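J.: generate coordinates for the sequence data below:
(one chain, ligands or ions: 1)
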Amino acid sequence: MPLKPDITPPEAQDTRVGFALVGIGKLTAEELIPAARTSEHARVAALVSGEPDKAQGFARALGLTDGDAYTYEQFDELADRDDVQAVYIVLPNSLHREYATRAARMGKHVLCEKPLGVNAEDAQAIVDACREAGVLLMTAYRCQYTPEHWAARDAVQDGTLGDLRLLHSIHAQVEDDPEAWRLKRELAGGGPLPDVGIYSLNTLRFLTGQEPEWVFATQHQPDGDPRFQEVEASMSALLGFPGGVSATIQTSYAAHDTGTLRVMGEQGSLNMDPAFPYDGLKLSLSDNDGTRQPSFPEYDQFTLEFDHFARCIRSGDTPWTPGEEGVQDHVIMDALYESARTGQVVRLPTHTKRDAFRGTKPQLPQK
Ligand code: NAD
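T.: Coordinates of the predicted model:
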């Protein structure tokens, strides 16, 4: 796997926060390892995998030694590594809780991939374990760290669009391997909703800074398709935000790659298309005078996440997307599944405070 060149001067490396990456799947190999190499504040200090050869190969490519590669059985030996201050959990969803809890007990800070768990109870157990151990927990919601999403949030919240009325987002992709862990309920917790639909949900909550008060959803699980024996193929949902603002979210594992976001106020609207890939995000803002497309600096979303969490570890600040932010998405997703099952509107607890589940604002890349 080609890696980006290491641009960090060697003398700076030892002072960066050391992360152990747990799980070397596609995301770790193709995105996180290259991103950590260009991070100012974070570095990979250890790798944990079920395949020792793979972990050792990546360790050597990073200038580490075979001794920095651990198997899952050796995970608890990271307790002896003072140079590993944090673990980044990049495993199938149902394994997040076990590894986050074990990491917290070792006194390691935890960066955990989305979704935080498989349901609200599971995710809350991770929050509780980290709180009890006195370590920081961040849910890896990369779309809350990009300048494009922050510009969209500013337009929503500073009155540029006028009073907010309608929100809409679609996130879909085709999952064609019936054996994929993403299609196994026990490992994934659900289908497209917790995997890709979560971006629509999380980003609409981020843009508005508000929480839905009720939800209504329908889902489709086709008979006879081997992929969808355990999880939904598609879900369509209606969410009621405060002040009569309504949102529609659609997600699917059986629809062509799509990731869009639209927000309509009375005086203007914004469109992000694509809204969720790792790069190439496009934001347009429209009002009666026309449409403009702001430009943004280059950056790597995963580097921004690494740097934010490393800064929080240094300062002791709560991350912008802490564990509580991950739990809240699960509370809403649990309600969406309940609604799809019962055919009823499901009401949610009221949260009047803006950004009720968020911590310290991240630094955005400058032009
Ligand atoms: P993947 O299938 O590519 O990798 C999963 C890794 O977990 C592999 O190394 C695999 O060997 C290991 N593993 C350990 N136990 C396993 C088991 N019982 N079954 C299957 N694999 C097992 O998955 P991924 O795409 O890297 O996803 C991992 C996590 O990252 C998930 O929580 C996913 O939601 C998240 N993710 C986030 C983004 C993002 O943009 N933030 C993108 C992709 C994945």
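J.: for the ligand, what is the nearest residue in the stretch 101-250 of the chain?
T.: E113 (3.6 Å; C-beta to the nearest ligand atom). Backbone N, C-alpha and C define where each C-beta goes, glycine included.
J.: also the chain?
T.: Of all residues in the chain, the one sitting closest to the ligand is G25 (1.8 Å; C-beta to the nearest ligand atom).
J.: and the residue nearest to that residue when sequence neighbours are not counted, how far from A35?
T.: Nearest residue to G25 in three dimensions, chain neighbours excluded: V90, at 6.5 Å (C-beta to C-beta, 6 or more residues apart in numbering). Noted for V90: a distance of 12 Å to A35, by C-beta to C-beta, to the nearest Å.
J.: could you do G162 as well?
T.: Per C-beta to C-beta, G162 is found 37 Å from A35.
J.: ok, those two, which is more surrounded?
T.: A direct count of neighbours by other C-beta atoms under 10 Å for G162 and A35 places A35 higher, at 22 against 13.
J.: what about the closest residue to that one other than its chain neighbours? Give its phi and psi, please.
T.: Using C-beta to C-beta, 6+ apart and skipping residues adjacent in sequence, the residue nearest A35 is F302, 3.4 Å away. Per-residue torsions, F302: phi -80, psi -30 (degrees, to the nearest 10).
J.: C143 is in contact with F302, correct?
T.: No. The criterion here is C-beta atoms under 8 Å, and F302 misses it with C143 at 11.8 Å.
J.: low-confidence stretches in the protein?
T.: Low-confidence segments of the chain (pLDDT under 70): 1-14.
J.: the domain parsing of it - what is it?
T.: Domain assignment for the chain by the TED database gives 17-142, 146-296+322-347.
J.: can you put those in CSV and add distance to F357?
T.: Formatted as CSV, the domains of the chain follow (distance: least, C-beta to C-beta, whole Å):
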stretch, distance to F357
domain 17-142, 10
domain 146-296+322-347, 4
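J.: so how far is stretch 172-184 off the chain centroid?
T.: 19 Å (C-alpha atoms, centre = their mean, to the nearest Å).
J.: near the ligand, anything from it?
T.: Yes. Stretch 172-184 reaches the ligand (C-beta under 6 Å from any ligand atom) through W181.
J.: end to end on that stretch, go ahead and measure it.
T.: 18 Å (C-alpha to C-alpha, to the nearest Å).
J.: just the buried residues of that stretch, please?
T.: Within stretch 172-184, the residues that count as buried by 16 or more other C-beta atoms under 10 Å are A172, Q173, E175, R182, L183, K184.
J.: need the max-distance pair from those residues.
T.: For the buried residues of stretch 172-184, the farthest-apart pair by C-beta to C-beta is A172 and K184; their separation is 19.6 Å.
J.: near the ligand, which residues of the stretch 101-250 of the chain?
T.: Checking the stretch 101-250 of the chain against the ligand by C-beta under 6 Å from any ligand atom, the hits are E113, K114, A140, R142, W181, L187, D195.
J.: please redo it, this time with the cut-off set to 5 Å
T.: With C-beta under 5 Å from any ligand atom as the criterion, the stretch 101-250 of the chain meets the ligand at residues E113, W181.
J.: so what's R153 up against?
T.: With contacts defined as C-beta atoms under 8 Å, 6 or more residues apart in numbering, R153 is in contact with F206, L207, G209.
J.: quick one: which of those residues has the most company?
T.: Among these, L207 has more neighbours than the rest - 25 neighbours, counting by other C-beta under 10 Å.
J.: how about K54, what does it touch?
T.: Contacts of K54 (C-beta under 8 Å, 6+ apart): I24.
J.: hmm, I was thinking of V263
T.: Contacts for V263 were tallied using C-beta under 8 Å, 6+ apart; they are A152, A155, V156, L161, L164, L166, L167, H168, L207, S269, L270.
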